[in-house]
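> what's the 3D shape of this:
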Amino acid sequence: MFYSKKNIAAAALFALIAGCGFEPLYVEKKTSGDWYYDNEFDTGIIEEMASVKVELIQDRIGQLIRNDLLDKLSPKGQPKHPKYYLKVTNIKKQEIDQALRNDITATRKKVIYTVSYVLKNKEHSNLIGGNSVAYLGYDILRDPYSTTFAQKKIEKNAAKIIANDISLRLGAYFHSLQTKRGNPDEY
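Numbers count the residues shown, from 1 in each chain. Have a look, this model is predicted:
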């Protein structure tokens, strides 16, 4: 049989990934087998994430972040009886001029959005918290409409980046809780 270099490389890559200990973040195995492909998953992490109520966030960027978080955490709608409350605050936007012309006007802006977040339980005790940062940039064009459009696009992209970051951190937190419950002797 003739094996191409692509087939051999793909097989080697698959063997490398399978042996590296990769585990999905949002599901846990129900069985102790080595493979995840036996259709036996514990979806407790997804259910925990769906029980997070995202509090209202001020400003337009805050509304965008909240909408993206709702899509990621509870795509079926806000929980009726939430176990957790997520509060996002301290939204800060910093703009830095870049690519200066001879007359010292900028042709590009670097934009940094920073937010703080905290996850609380029903008793309003802090469980986890931190900061999330999004670094973006846009060109300042001669046409003001194009520049305004670029600014709005940057705002939407920043909201997606921040929501992704926060949802991944919450997923990792719930994953660690699930792992501790499953293997109490390890901790």
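> Neighbours of the closest residue to Asn131 other than its chain neighbours, how many?
Excluding its sequence neighbours, the residue lying closest to Asn131 (CB to CB, 6 or more residues apart in numbering) is Ser116, at 5.4 Å. For every residue, glycine as well, the C-beta is placed using N, CA and C. Ser116: 14 surrounding residues under other CB atoms under 10 Å.
> and if you look at Tyr84?
By the measure other CB under 10 Å, the count of residues near Tyr84 is 21.
> right, and it touches Asn126 too?
No: applying CB atoms under 8 Å, one finds Tyr84 not in contact with Asn126, separated by 11.0 Å.
> Spit out the residues that contact the two alike.
Common neighbours of Tyr84 and Asn126, using CB atoms under 8 Å, 6 or more residues apart in numbering, are Leu119, Lys120.
> Leu86 touches Lys53, doesn't it?
Yes: with contact defined as CB under 8 Å, Leu86 counts as touching Lys53 (7.0 Å).
> mind listing the strands for the chain?
Taking DSSP state E to define them, one finds strands in the chain at 28-29, 41-42, 52-54, 84-100, 106-121, 126-139.
> Centroid-nearest residue for the chain?
What sits nearest the mean C-alpha location of the chain, by CA atoms, centre = their mean, is Asn164, with 1.9 Å.
> check contacts around that residue.
When contacts are taken as CB under 8 Å, 6+ apart, Asn164 is in contact with Asp68, Lys72.
> same deal with Pro82?
Contact analysis of Pro82 by CB under 8 Å, 6+ apart lists Ser51, Val52, Lys53, Lys122.
> Any idea how many residues pack against the first one?
Each residue near Ser51 was counted by other CB under 10 Å, and the total is 16.
> Just checking, which helix or strand of the chain averages the lowest pLDDT?
Lowest mean confidence among the helices and strands of the chain (mean pLDDT, DSSP states H and E): strand 28-29, at a mean of 52.
> Report how many residues lie close to Val115.
For Val115, the neighbour count with other CB under 10 Å is 25.
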